[in-house]
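> Predicted model, plus sequence, below.
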Amino acid sequence: MPEKDNEHSETGCSNLVAQTGHCRIDYFGNEIIEGDAIIIDKNNGEVFLENSLEDYLIEVLGFQFTTTE
């Protein structure tokens, strides 16, 4: 599990505020920029980029992706 970024945990923004369009850091440490598609896990409040959904399902929720035989 990635370490929490305590500097950004309250507002999601800190030194990124000076950079236009930069908002916060997601669960995986990726920068979320204004206009990015995000997903919020309402069970725990975690936020991550939409393109990280598969990683979140596997790494956090224990999903397994496979094909039928």
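It's in. Residues are numbered from 1 along each chain as shown.

> among the helices and strands of this structure, which has the poorest mean pLDDT?
Sorting the helices and strands of the chain by mean pLDDT, DSSP states H and E puts strand 22-25 at the bottom, at a mean of 86.

> So what are the sheet partners of the next helix or strand after that strand and their directions?
With elements assigned by DSSP states H and E, the helix or strand that comes after strand 22-25 is strand 31-33. Paired neighbours of strand 31-33 in the sheet (DSSP bridges): strand 22-25 (antiparallel).

> In the strand it pairs with, which residues are buried?
22-25 (16 or more other CB atoms under 10 Å). For the C-beta atoms, the positions are set from N, CA and C on the backbone; glycine is no exception.

> Check stretch 56-69 too.
Quick answer for stretch 56-69 (16+ other CB under 10 Å): Tyr56.

> check contacts around the most centrally placed residue in the chain.
Centre of the chain computed as the mean C-alpha position; nearest residue by CA atoms, centre = their mean is Phe48, 2.0 Å away. Applying CB atoms under 8 Å, 6 or more residues apart in numbering, we find Phe48 in contact with 26-28, 30, 38-39, 41, 55-56.

> would you list those in CSV and tack on pLDDT?
Listed next are the contacts of Phe48 as CSV, based on pLDDT from 0 to 100:
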residue, pLDDT
Asp26, 96
Tyr27, 96
Phe28, 97
Asn30, 95
Ile38, 96
Ile39, 97
Asp41, 96
Asp55, 97
Tyr56, 97
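
> Would you point out the most distant pair within those residues?
Asn30 and Asp41 (15.1 Å; CB to CB).

> Now do the contacts for Asn51.
So Asn51 contacts Ala37 (CB under 8 Å, 6+ apart).

> so where do the helices sit in the chain?
53-59 (DSSP state H).

> show me where pLDDT drops low in it?
When residues are selected by pLDDT under 70, those of the chain lie in 1-20.

> try it again with 50
Within the chain, the stretches with pLDDT under 50 are 6-11, 16.

> Quick check, Gly35 in contact with Leu49.
No: counting by CB atoms under 8 Å, Gly35 sits too far from Leu49 to count as a contact (11.6 Å).

> Of the two, which one has the most company?
Legend: neighbour count by other CB atoms under 10 Å for Gly35 and Leu49, higher for Leu49 (19 against 7).
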